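Asks: Have a look at this fold, sequence not included:
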């Protein structure tokens, strides 16, 4: 039975319903694409956050290692390992220079 209030025939009503269904499908696809884009953006942000946390943790560990190396030990003139290595290297270079000068003539 045709609806006389809108003045549409059955064919026009079917076409209108088909167009509404297509419009709803397009809107659903747009919403899905927007959700997918938001999901990807959040995933990328989470990956960046994890990378930042890992980088900060690595830097903190390196600072702690450096601090421990330069911190004085309980033995041997209360010098740290790093200081001992530097002193030995300077003495070695000076000794090599003196030997080269004396022996090389």
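Replies: That came through, no problem. This structure is a prediction, so every number in the text was calculated from the model and none was measured.

Asks: can you give me how far the helix or strand containing residue 29 is from the chain middle?
Replies: Taking DSSP states H and E as the criterion, residue 29 maps to helix 10-70. Here the centre of helix 10-70 is set off from its chain's centre by 15 Å, with C-alpha atoms, centre = their mean, to the nearest Å.

Asks: other SSEs contacting it?
Replies: The elements that helix 10-70 packs onto, with contact taken as 3 or more C-beta pairs under 8 Å, 6 or more residues apart in numbering; DSSP states H and E, are helix 81-104. (Glycine included, C-beta is placed from N, CA and C.)

Asks: and the helix it packs on, which residues are buried?
Replies: Applying a neighbour-count criterion of 16 or more other C-beta atoms under 10 Å, one finds residue 83 buried in helix 81-104.

Asks: pLDDT (mean, whole number) over that helix?
Replies: Here helix 81-104 scores 92 as its mean pLDDT.

Asks: for that helix, the distance to its chain's centre please.
Replies: That offset, for helix 81-104, works out to 44 Å (C-alpha atoms, centre = their mean).

Asks: Cheers, nothing more for now.
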